[in-house]
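Chemist: Have a look at this prediction, sequence included:
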Amino acid sequence: AGAAMSEETQGEKRHLLSSSDERNEHLEDVVGSSVVGPIVNSDQVDGQYKTYPSRFLVLLIFSLVAVQQDQIWITFGIIGQQTQDYYGVSSAEVDLLAAWGPITFIPSMFICSWILERRGIRDTIFLAVLLEVIGSGVRVFAPRGGRMFGLVHLGQILNGIAGPLIMAPPPKLSAVWFPQHQRTTATAIGTMAPYVGSAIGFLFIPFLANNYGMQSMLLWQFVMTGAIALAVALYFPEAPPTPPSASSSVKRVDLLKCWSLVRKNPTFWILSICGGVTSGVFNAWASLLSLILNKNEGFTDSANIGDFFHSSSWIGFASSLLGIAVACVAGPVADHFPGRLKRLILILFGSAGVLYIWFSLAVEGVFHSVPGLQSTKVKFFTAVLGSTFLNAANPLFYEACVEATYPVPEGISVLILIGLNNVSCLVFQVAGMCGFFDKAHPERAQAMNWLMTGMVVGCWFLSLFYKEEYRRQKVDDDAQGTTSTGPASQYGAVISSDDCGGDELSGSHSIQA
């Protein structure tokens, strides 16, 4: 009996190896043999695909790193006047502290993409948190009066370089650690973590600075960053022992070949423009809310809870928290109903567009004959909900870009999208530092309302024309034995011959898991 069982086991193993070979041949038909390695190695056959509870701990530690990076970045913008008084610097110099984020992102994104793909997730995150520790630490040594204010700039620059090291990994981390029915949810949590940092910073940075002083606040940030770095050093493995899905074990395209594949992909560029440029314009618009909603509109910059519905600061706080909540709902919905990212993006962008139109018309006073349509609370809720839906769409754009460019490394496609975000945001930040947006010309800031509204509405129409492509999803479905006549048929085209030089998938293959 033992001999018979052994023979049966060996037969199953030979069958799995044969299926692995079929899968490799099938994927070569799909994406071309020159860009993809084997899906399943022989040492993965016994274990096949598994998930581990430790994936949630890895995601938590990564999220803490992202939270802290964003909190360090926004430190001085939240307490701008106090920063000017403490260090004796101008408002333009305080604005430059925040601008170091997008300024450093653009040149460093290329080396960061190389680090992520060649050194892996662990080394990337460890380098990011190390830059955060050094950056938050050097700021502590800048005394009152601005004699060593260059240390504050150095700290912001180092933290800015950590930005692309943190923004690129979420889709890659979710692909390496999470099964296909949890990937979008994991990406949503990872990409929305910086918004948590903004919300926490909004509350605690003014509290600590006002009650314990600037130096104590900076020292507290340094200690917290050090604690997070210790967590990364103690436990942040590169990958689980066994991959969670078939697509996660596929060798990605070499970095040198990525651009030739991405630049000819119209779906990717539509998604990058809609998700990247719109987010950059949104960030610029959000920074000008205090000028758009001036005191004549019944609003203030106050962060007091009593001014909740009359404060541009509370609009940013509320939209960040609600954006996180809606994104964490949209992620599981996208996982539960695969192949519907386009519909979800259209719903979120369409809702945001309607709300921004209402908000812009209310600010212009178009509804003066019906005061209830342009009251202070109406402006508050339309701005908050519009921003909420827009922010919640970000992780969906990340996943859609990854699916459209697979097997291009996840970090490459996402970094291009985020790069467009930073470029568009930097344009308006430079305009602000040059004095284009000031209290003497509120009409310039209010024009941003219509630019923001036009971007959202225009990108909603542009999104109608992008062709849904679920290439990575198709690989996983094939590995599970799903044919194109089943649920996978809704995923549309996989990879065409124009993209990678191979034959277009006929849909007739059925791969055994």
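Modeler: In hand now; what should we look at?
Chemist: Ramachandran coordinates for Ser311?
Modeler: Backbone torsions of Ser311, given as degrees, to the nearest 10, read phi -130, psi 130.
Chemist: meant to ask about Val250
Modeler: Main-chain dihedrals, Val250, degrees, to the nearest 10: phi -80, psi 130.
Chemist: Compute the number of surrounding residues for it.
Modeler: Using other CB atoms under 10 Å, Val250 has 25 neighbouring residues. Quick note: C-beta positions are derived from backbone N, CA and C, even for glycine.
Chemist: any idea where the strands of the chain begin and end?
Modeler: Using DSSP state E, no strands are found in the chain.
Chemist: Give me the most central residue, it.
Modeler: Geometric centre of the chain, nearest residue: Thr191, 3.7 Å, by CA atoms, centre = their mean.
Chemist: Tell me who's in contact with it.
Modeler: Contact analysis of Thr191 by CB atoms under 8 Å, 6 or more residues apart in numbering lists Met167, Pro170, Ala327, Asn394, Pro395, Tyr398.
Chemist: surely the third one meets Pro395?
Modeler: Yes: with contacts defined as CB atoms under 8 Å, Ala327 counts as touching Pro395 at a distance of 5.6 Å.
Chemist: what residues do those two have in common as contacts?
Modeler: By CB under 8 Å, 6+ apart, the residues touching both Ala327 and Pro395 are Ala188, Thr191, Met192.
Chemist: how far away is the last one from Gly411?
Modeler: For Met192, the distance to Gly411 (CB to CB, to the nearest Å) stands at 18 Å.
Chemist: who has more neighbours, the two?
Modeler: Higher neighbour count among Met192 and Gly411: Gly411, with 30 against 24, using other CB under 10 Å.
Chemist: these two touch, right, His382 and Tyr356?
Modeler: Not His; residue 382 is Thr. Yes: if you go by CB under 8 Å, Thr382 and Tyr356 touch, sitting 7.5 Å apart.
Chemist: Looking at those two now, which is surrounded by more residues?
Modeler: Of the pair Thr382 and Tyr356, Tyr356 is the one with more neighbours under other CB under 10 Å, namely 27 against 22.
Chemist: Which residue comes closest to Gly419 once chain neighbours are left out?
Modeler: Distances taken as CB to CB, 6 or more residues apart in numbering place Met109 nearest to Gly419, at 5.4 Å, with adjacent residues excluded.
Chemist: Hmm, Pro164 and the one you found touching each other?
Modeler: Yes: judged on CB under 8 Å, Met109 makes contact with Pro164 at a distance of 4.5 Å.
Chemist: any residues in contact with both of the two?
Modeler: Any residue near both Met109 and Pro164 by CB under 8 Å, 6+ apart counts here, and that gives Leu415, Ile418.
Chemist: And those two? Which one has more around it.
Modeler: Remark: of Met109 and Pro164, Pro164 carries more neighbours, 29 against 23, as counted by other CB under 10 Å.
Chemist: Local confidence estimate at the more buried one?
Modeler: Looking at Pro164, its pLDDT stands at 90.
Chemist: Looks like it contacts Ser108 (just checking).
Modeler: Yes: in this structure Pro164 lies within contact range of Ser108 using CB under 8 Å: 5.7 Å.
Chemist: before we move on, back to that, please identify which pair of the contacts of Thr191 lies farthest apart.
Modeler: Maximum pairwise distance in the contacts of Thr191, criterion CB to CB, is 15.0 Å, between Met167 and Ala327.
Chemist: Contact partners for the residue nearest to Ala233 when sequence neighbours are not counted?
Modeler: Distance criterion CB to CB, 6+ apart; nearest residue to Ala233, sequence neighbours excluded, is Phe126 at 7.1 Å. The contact partners of Phe126, by CB under 8 Å, 6+ apart, come to Ala229, Val232, Ala233, Phe236.
Chemist: and if you look at Gly226?
Modeler: Val133.
Chemist: just use 10 as the starting number from now, easier for me
Modeler: Got it, first residue is 10 now, which makes that one Gly235.
Chemist: roughly how far apart are it and Gly144?
Modeler: For Gly235, the distance to Gly144 (CB to CB) stands at 12 Å.
Chemist: cool, and Ala401?
Modeler: From Ala401 to Gly144 the distance is 29 Å (CB to CB).
Chemist: can you check Phe277 too?
Modeler: Distance, Phe277 to Gly144, using CB to CB: 32 Å.
Chemist: Those two: which has the busier surroundings?
Modeler: Neighbours were counted for Phe277 and for Gly144 using other CB under 10 Å; Gly144 has more, 27 against 24.
Chemist: How about that one: what's its closest non-neighbour residue?
Modeler: Excluding the flanking residues, the one nearest Gly144 by CB to CB, 6+ apart is Leu167, at 3.5 Å.
Chemist: Then Arg481?
Modeler: Tyr415 (4.1 Å).
Chemist: residues touching the residue nearest to Gly144, list them.
Modeler: Leu167 neighbours (CB under 8 Å, 6+ apart): Leu140, Glu141, Ile143, Gly144, Val147.
Chemist: show me where the stretch 410-522 of the chain has helices.
Modeler: Using DSSP state H, counting those that start in this stretch, the helices found in the stretch 410-522 of the chain span residues 419-442, 451-472, 480-488, 506-509.
Chemist: for the longest one, packing partners?
Modeler: Contact here means 3 or more CB pairs under 8 Å, 6 or more residues apart in numbering; DSSP states H and E; on that basis helix 419-442 packs against helix 100-128, helix 159-176, helix 178-186, helix 264-271, helix 275-281, helix 287-296, helix 403-414.
Chemist: Which elements pack onto the shortest one?
Modeler: Read that as helix 275-281. Partner elements for helix 275-281 (3+ CB pairs under 8 Å, 6+ apart): helix 403-414, helix 419-442.
Chemist: mind putting those in JSON lines, mean pLDDT and distance to Lys260 included?
Modeler: Shown next, in JSON lines, are the helices and strands packed on helix 275-281 (pLDDT from 0 to 100; distance: least, CB to CB, whole Å):
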{"stretch": "helix 403-414", "mean pLDDT": "89", "distance to Lys260": "15"}
{"stretch": "helix 419-442", "mean pLDDT": "81", "distance to Lys260": "13"}
